[in-house]
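Q: output the structure for:
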Amino acid sequence: THIGGVSKVFGTKNRIYSAGGNDSVVQARWLNTTTGVWSLNSSVSGVGTSSDTVSAMYVSGNQKRWGVGRSNGDIYILGHPDNSYSWSIANTITGAHTASVNFIRFSSNGWHMISGAAGNDSVRLRTKLDNWNTSTNYPWKGQSGDWDDRNKQVTIGLYGNDNGAFTTKF
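A: Residues are numbered from 1 along each chain as shown. Next comes the predicted model:
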């Protein structure tokens with residue numbers, strides 16, 4: 001039901017999150033484990049515009065935050081007030097990056113978010129404590145990233161590095 005096909009999809013236990021290639025809608029679907037049928041649980045419009053595509057997407061481990069990165073560098077943080085998973089836009093970080101967002105990762109509790117973008121943009125760490133407004137910038141060109149709560153580290157795959165380099169931060 002997305003315009004331009006599905007550009008990003010992310011799955012968790014009994015949930016699938018998707019975004020269209022040329023639309024401003026993201027959708028969450030859930031699996032009825034009794035019937036084995038997937039159903040639309042929530043559809044959120046206004047997540048960007050049709051001219052800036054979804055370039056990154058991730059849901060926190062506790063499934064309370066859903067981050068959507070756009071090709072224009074904006075990031076949308078979605079949340080839901082209860083266990084109904086009826087998502088809505090909680091925050092819009094306009095100009096979170098100066099280029100297309102490559103990745104978003106949350107800590108498992110959803111209180112910290114790290115993101116990286118294409119080109120010469122830096123990797124940025126944000127926190128829910130100040131409503132995602134302030135970022136701590138790291139001088140890495142982040143192509144991909146992952147958050148390891150158990151070992152309290154972030155691992156970043158470096159963009160434009162042909163020798164497969166990565167870095168970690170504790």
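
Q: now do residue 68 against residue 81, distance only.
A: For residue 68, the distance to residue 81 equals 18 Å [Cβ to Cβ, to the nearest Å]. Every residue, glycine included, has its C-beta placed from N, CA and C.

Q: so who does the nearest residue to residue 160 once chain neighbours are set aside touch?
A: Closest residue in space to residue 160, ignoring its immediate chain neighbours: residue 141 at 5.9 Å, by Cβ to Cβ, 6 or more residues apart in numbering. The contact partners of residue 141, taken as Cβ atoms under 8 Å, 6 or more residues apart in numbering, are 116, 119, 120, 121, 122, 123, 158, 159, 160, 161.

Q: mind running it again at 10 Å?
A: Applying Cβ atoms under 10 Å, 6 or more residues apart in numbering to residue 141 gives the contacts 99, 102, 116-123, 156-161.

Q: before we move on, what about residue 78?
A: 17, 26, 28, 42, 44, 47, 59, 64-68, 87-91.

Q: and it, bridged to which residues?
A: residue 66, residue 89 (DSSP bridges).

Q: how far away is residue 168 from residue 106?
A: Counting by Cβ to Cβ - residue 168 and residue 106 are separated by 17 Å.

Q: the more surrounded of those two?
A: Set residue 168 next to residue 106 and count neighbours by other Cβ atoms under 10 Å: residue 106 wins out with 26 against 11.

Q: and the pLDDT for the nearest residue to that one once chain neighbours are set aside?
A: Leaving aside its sequence neighbours, residue 106 sits nearest to residue 60 (Cβ to Cβ, 6+ apart; 3.7 Å). Looking at residue 60, its pLDDT reads 87.

Q: touching, residue 60 and residue 110? I think so.
A: Yes: assessed by Cβ atoms under 10 Å, residue 60 is found in contact with residue 110 at 3.6 Å.

Q: which of the two has more residues huddled nearby?
A: Neighbour comparison, residue 60 and residue 110: the larger count goes to residue 60, with 23 against 19 (by other Cβ under 10 Å).

Q: residues in contact with residue 147?
A: 58, 60-61, 105-108, 112-114, 153-155.

Q: would you say it is within a strand?
A: Yes: counting by DSSP: H, G, I helix; E, B strand; the rest coil, residue 147 is located in a strand.

Q: ok, now how distant is the spatially closest residue to it that is not a sequence neighbour from residue 117?
A: Of all residues not flanking residue 147 in the chain, residue 105 sits nearest, at 4.5 Å (Cβ to Cβ, 6+ apart). In this view, residue 105 and residue 117 are 13 Å apart by Cβ to Cβ.

Q: I'm done for today, thanks for sticking with me.
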